[in-house]
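In: model this:
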Amino acid sequence: MKSKLILLEALRWVSASLAVLFILFLLGSTPDPEIPFETVEQAALARLDLSETQPGDATMLRRLYGLSASDFAGMTLYYPASNMGAKELLVLKLADESQADTVEAAIRARLQTQRDSFDGYGAEQFALLTDHAVVEIRGVYVLFAVCENEQAVRESFLNAL
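Out: Numbering: from 1, shown residues only. I've put the predicted structure just below:
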């Protein structure tokens, strides 16, 4: 009987410790929303070859993603400079984390549209869109990148957070 009480007490302490560690992990994994957008933007841009892209504005964000730039605290868009290009970068700072699902759906729709465009004839572009696209959402920060070194861009983005 006494050994069962000791075992239950130990189990209670282990459970409480795991709960505290889990809460600390959750708090630590959400980036500070006060990080300047420019810091995150520059980190992503530093690892991207922009030679085949062109900068986009609010009009292009609406056209390509169906999103309004005025809904966000920060926006950077680079999209293909030609119809045969697939490289792309979108960095957003959401006004509120509740926008994340809508933004992710818009990004996934854009990615699928691009894949459909190149399926069957643009093998290199299709492979880039299929194998080298990254979507990362951390708190109020969003990254979408399609490029050969997408993991380096992702890593740089995450390090800025």
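In: From now on I want contacts and neighbour counts done on CA atoms only, so please keep to that.
Out: Noted.
In: Roughly how far does L111 sit from T39?
Out: Using Cα to Cα, to the nearest Å, one gets 26 Å for the distance from L111 to T39.
In: More neighbours: which of those two?
Out: L111 (22 against 12; other Cα atoms under 10 Å).
In: what sits against the more buried one?
Out: By Cα atoms under 8 Å, 6 or more residues apart in numbering, the contact set of L111 is L129.
In: pretty sure it is in a helix, no?
Out: Yes. Under DSSP: H, G, I helix; E, B strand; the rest coil, L111 falls within a helix.
In: Please, where are all the helices along this structure?
Out: Using DSSP state H, the helices of the chain run over residues 2-29, 37-46, 58-65, 100-118, 123-131, 150-160.
In: mind putting those in JSON lines, mean pLDDT included?
Out: What follows is these, written out as JSON lines (pLDDT from 0 to 100):
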{"stretch": "helix 2-29", "mean pLDDT": "65"}
{"stretch": "helix 37-46", "mean pLDDT": "93"}
{"stretch": "helix 58-65", "mean pLDDT": "97"}
{"stretch": "helix 100-118", "mean pLDDT": "96"}
{"stretch": "helix 123-131", "mean pLDDT": "94"}
{"stretch": "helix 150-160", "mean pLDDT": "93"}
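In: Make TSV from these and add distance to V140 to it.
Out: Shown next, in TSV, are these (distance: least, Cα to Cα, whole Å):
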stretch	distance to V140
helix 2-29	12
helix 37-46	10
helix 58-65	18
helix 100-118	8
helix 123-131	24
helix 150-160	12
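In: nearest to L77, of the ones you listed?
Out: With Cα to Cα as the measure, helix 58-65 is the member of the helices of the chain nearest L77 (7.3 Å).
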